[in-house]
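**Q** 3D model of this:
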Amino acid sequence: MRYFITLLLFLLGIPISHAQENLFFEFKETPLKEVILQLEKEMSLSFSYAEDLIDNKTITALAEGMSMDELIGLLEAQTGLRFEKIDGQAHIIIAPISLEKEICLYLLDQDTRLPITETQVVVDSSLVKETDQKGNVKFKDSGKTKYLVEVSGYGSLDIKPTDTCNPIYLSAVYKELDEVIVTSYITTGIDRNRDGSIAITQKPLGPIPGQTTPDILQSIQMIPGVSSLDESASGIQIHGGTSDQNLVLFDHIRVFNSGYLYGMLSRFNPYATEKAMIFKTATSAAYGDRVSGIIDISTDDKVSNKVSGGVGIDGLSVDGYIKTPLSDKSSLSLYARNAYLDILKTQTYEAYAKKIFSNSGPISDRNGNPLNVSSDDGYTYGNSDSEFRFYDINVKYVYQPSEKDKLSVSALMTRNRTLFSFQNKGETKRDSLATGNGGVSINWKHQTSSRQTDQITTYFSSYDSYYRNLELYGDVLEETNIRGNRISDFGLELKSDRVFKNNDLLSFGYQLSNTNLEIDMSYVSNLDPTDNISLPVQDSNLKNVLFGEYSFRKDNGALLKIGLRAVHYGSLGNLYLEPRLNIEMPINKSLRIRTGMERRNQPISQLIEFNQTELRLENNLWRLSDNTDYPLLQSNQFSAGLLFDKNGWTVDAEAYYKNLKGLTSYSQGFHLPQPNLSKGKSRIIGVDILLKKRIRNYSFWAGYSFNDVNFTFDEIQESSFSGNNDIPNSFRVSNSLDIKNLKLSLGWQYRTGTPFTPIKNYDEESKAVTFESLNSGRLPSFHRLDASLTYDFAINPKSTKIQLGISALNIYDRIVPLAIIHRTNQQNGELLLEQVIQRRSLGFTPNLTLRIFF
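**A** Next up is the predicted model:
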């Protein structure tokens, strides 16, 4: 299968310009006849029509990624004509025949010129209808001279009865600030907004190398400046920040652990995540409590008007979802996923398990001389047992009693459990780690007027992690290690958005939250009870926030956003101000420049606890700041960039500078013993560059990131040193091709190896060790080739579709160490090296998917 997938490299090098699906046409007030002639020439179609029927009809549209049926529907909506297909490819253009006593309308968006599809329409405040996929709506003519038609999100208008199906263009009565500037920023479904944020939508997310399902956390890693050093979905680093410095929200619910299988798989059902907003810099004042990126995930909040759903299976789990209307004004959505790895262990699972648990490799000193140091306690893949279990459930209830009000209730529950054990020379080591994250949120949104929207949101988030390590000799339990972490977080937000007549936007609000956190760290020795340790911790933090921002928005797309966030943390007893500034302006139609500045604070961080875990992976524990041992993490950030977009070419470049203070050696995990807690700071400089070109159904994009992460910890080392996540160079290139129902994607990524601390001298007999300067060495560079292929075919064109998918990560099976960790002990003032652990990259990992949508 590996060799079969490699053939995709050759296929993806051949853009196909005559594909029948996923079209790319751009029309600007183009006469309908010219559009017809172009379609006849390029798509081998034929049209039959009367010349006088199409006179004075024009088309304005960007038909990007559309099917031919969708394009024909758009032509019908903009002209009010009917295109009837006969005998193969021929289309007859006729005037629609209006039924007696019936009013027919085509509703289109004034800005996008696209049909307003599946949107609620209320006639005379009593009759409720919904537009179809062409934006068409019909209702009975009762003989009135005019009708009041209210369109959800577009206000109301008076309609006079006519004998034809008229196209009507409507402007949204309220526009969100995140207006799209570049569609298909990287691929379809990934767009760049005016405020610099990136929006990722599940539909229609284009093909991503190595993926056959729309995993949000894997997809955002296509964005330059967003990466994961351990190849995981949860270890996401944005502009040089660590993963715990990102705020992750799921329908307003705070998520403290976003991955399964030690982060290799996203904790969110791919088909529940409708959209994600990604902020790398210039964050809105509505977001806080983290100093790096924002990942705001939301699920579908539309009222379903029909039953729909899907079921699927891949190499790790089965999943399914269903959306069903409860009434004309309410609907319920249910999503579920469950691993079957306790029943069947596939090749996909085996690849992940080997990466997670196989942590051995050759060990050498600074001169390359091999050293005889334990790396695995006698562990081999054959003398061990491992088991992964995970499941997640999402429920969403949406109730819309009127056009102006909407109530959404969302619930999330996720569980992950890992069991691991191995035996060596009569000794048995058993580990178990269980994590759960979930919560409930309630959001009420009220459109007070056409220019004012108010909303109230409340949420409850719950997180728990429990790790237990047992060490036995024969049947005798010798010692037990426990690491527990529990968080309960309750919050309330009041927010108001007001659009002024000049299109400026004022947003302001109040946030209240209370976070309770518990830590349980204990060690029990049955051989020497005097060594027993128990270190329980219980903290809480009551937070009050006032925030506001004013956005000057110009018709040419310029934006000046000024914001301020005033935060009072109860656990610290201080008030903190977080100013925000974001400027973006066009130089011409193709070129834009931008700059942003912000100050941010973070009252909670993860401590990396490693030495007492036999899983040989970090068991990170969340801890609240106390401004003494665990200071508040503070960051100042500045960014500047330019964006060029013309004729299918997109070039986006951004430079940034960040400084952070309040770091601790416990939160950074330098993998060397620190007798005392040490505090430090960091400076991060970086540049991100994106180049993209689209030629009809073929897309090519390349991203490059330069990153310099510099740490200063005076108590550890006099001079500054590279941070653990310092990656000077990172490059990714991807190709995708859509051919009818077939989607192909192939991508290659490369990055500089991570820093590590080399061994200077080691005595094999006494185990005494000395090290070089901290992080003065660098591991081999990392690179891999990924590919994916999906094919859709319809059982029933209107209701049922089957999707087959095949993907592969690391096609040429290159495995390198991603990190090196030294386990040490201090005895009589001497440092002893007990063990060296190597985390290694993922090997060749195939995956198959089968999915049915209805």
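**Q** on the three-state scheme, L75 is what?
**A** Assigned by DSSP: H, G, I helix; E, B strand; the rest coil, the conformation of L75 is helix.
**Q** for it, list the residues it contacts.
**A** For L75, the contact set (CB atoms under 8 Å, 6 or more residues apart in numbering) comprises 32, 35, 59, 81, 83. Where you see a C-beta, it was placed from the backbone N, CA and C, and this is true even at glycine.
**Q** what does L607 give?
**A** Residues in contact with L607 (CB under 8 Å, 6+ apart) are 620-623, 664, 666-667.
**Q** A653 now?
**A** 641-642, 687-690 are the contacts of A653 under CB under 8 Å, 6+ apart.
**Q** for K329, give me its contacts.
**A** Applying CB under 8 Å, 6+ apart, the residues near K329 are 303, 399-401.
**Q** dihedrals phi and psi, it?
**A** phi -120, psi 0 (degrees, to the nearest 10).
**Q** how much space between it and G509?
**A** 27 Å (CB to CB, to the nearest Å).
**Q** could you point out which element follows the strand or helix carrying G703?
**A** Using DSSP states H and E, G703 maps to strand 698-712. Helices and strands here follow DSSP H and E; after strand 698-712, the next one along the chain is strand 721-722.
**Q** what are the contacting residues of that following strand?
**A** 709-711, 755, 773-776.
**Q** quick check: bridge partners of L832?
**A** A768, N825 (DSSP bridges).
**Q** now for it, how many residues are close by?
**A** Neighbourhood size, L832 [other CB atoms under 10 Å]: 16.
**Q** how confident was the prediction at it?
**A** Looking at L832, its pLDDT reads 86.
**Q** that one and I363, how far apart?
**A** 15 Å.
**Q** repeat for Q717
**A** Q717 is 23 Å from I363, by CB to CB.
**Q** quick revisit: now render the contacts of L607 as a markdown table, adding neighbour count and pLDDT.
**A** Below are those laid out as a markdown table (neighbours: other CB atoms under 10 Å; pLDDT from 0 to 100):
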| residue | neighbour count | pLDDT |
| --- | --- | --- |
| N620 | 21 | 81 |
| L621 | 21 | 89 |
| W622 | 20 | 93 |
| R623 | 20 | 92 |
| T664 | 20 | 84 |
| Y666 | 20 | 74 |
| S667 | 21 | 69 |
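**Q** so which of these comes closest to I442?
**A** W622 (24.7 Å; CB to CB).
**Q** residues touching that closest one, list them.
**A** Counting by CB under 8 Å, 6+ apart, W622 makes contact with 244, 256, 463, 485, 487, 517, 604-607.
**Q** mind telling me what element it is part of?
**A** strand 621-624.
**Q** tell me the strands beside that strand, with direction?
**A** strand 604-607 (antiparallel).
**Q** got the CA coordinates for the strand it pairs with in PDB?
**A** Taking C-alpha atoms only, strand 604-607 is exported to PDB below (Å, rounded to 0.1, in the frame of the first residue of the first chain):
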ATOM      1  CA  ILE A 604      -2.800  28.800  35.000                       C
ATOM      2  CA  SER A 605       0.000  26.700  33.500                       C
ATOM      3  CA  GLN A 606       1.000  23.100  33.200                       C
ATOM      4  CA  LEU A 607       3.800  21.600  35.300                       C
END
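**Q** and it, how far from the chain's centre?
**A** 21 Å (CA atoms, centre = their mean, to the nearest Å).
**Q** any idea of the mean pLDDT in it?
**A** 88.
**Q** repeat for stretch 223-237
**A** Rounded mean pLDDT across stretch 223-237 is 90.
**Q** roughly how far is that stretch from the heart of the chain?
**A** For stretch 223-237, the distance to the chain centre is 10 Å (CA atoms, centre = their mean).
**Q** for PyMOL, what selects the buried ones among the contacts of A653?
**A** A single PyMOL command selects the buried members of the contacts of A653 (16 or more other CB atoms under 10 Å):
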select buried, resi 641+687+688+689+690
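**Q** which among the contacts of A653 gets closest to K275?
**A** Using CB to CB, the contacts of A653 come closest to K275 at L690, 20.6 Å.
**Q** give the contact list for the closest one.
**A** 185-186, 223-224, 650-653, 701-703.
**Q** apply 10 Å and report the result again.
**A** Residues in contact with L690 (CB atoms under 10 Å, 6 or more residues apart in numbering) are 185-186, 192, 222-225, 643, 650-654, 701-705, 732.
**Q** keep only those of the residues you listed that are in helices.
**A** Taking DSSP state H, every one of the contacts of L690 sits outside helices.
**Q** circling back: please tabulate the contacts of A653 in a markdown table, including the columns distance to V409.
**A** Converted to a markdown table, the contacts of A653 look like this (distance: CB to CB, whole Å):
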| residue | distance to V409 |
| --- | --- |
| G641 | 39 |
| L642 | 43 |
| V687 | 43 |
| D688 | 38 |
| I689 | 42 |
| L690 | 38 |
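**Q** doesn't L39 lie inside a helix?
**A** Yes - the assignment for L39 is a helix, going by three-state DSSP.
**Q** can you tell me the closest non-neighbouring residue to it?
**A** Leaving aside its sequence neighbours, L39 sits nearest to L45 (CB to CB, 6 or more residues apart in numbering; 5.2 Å).
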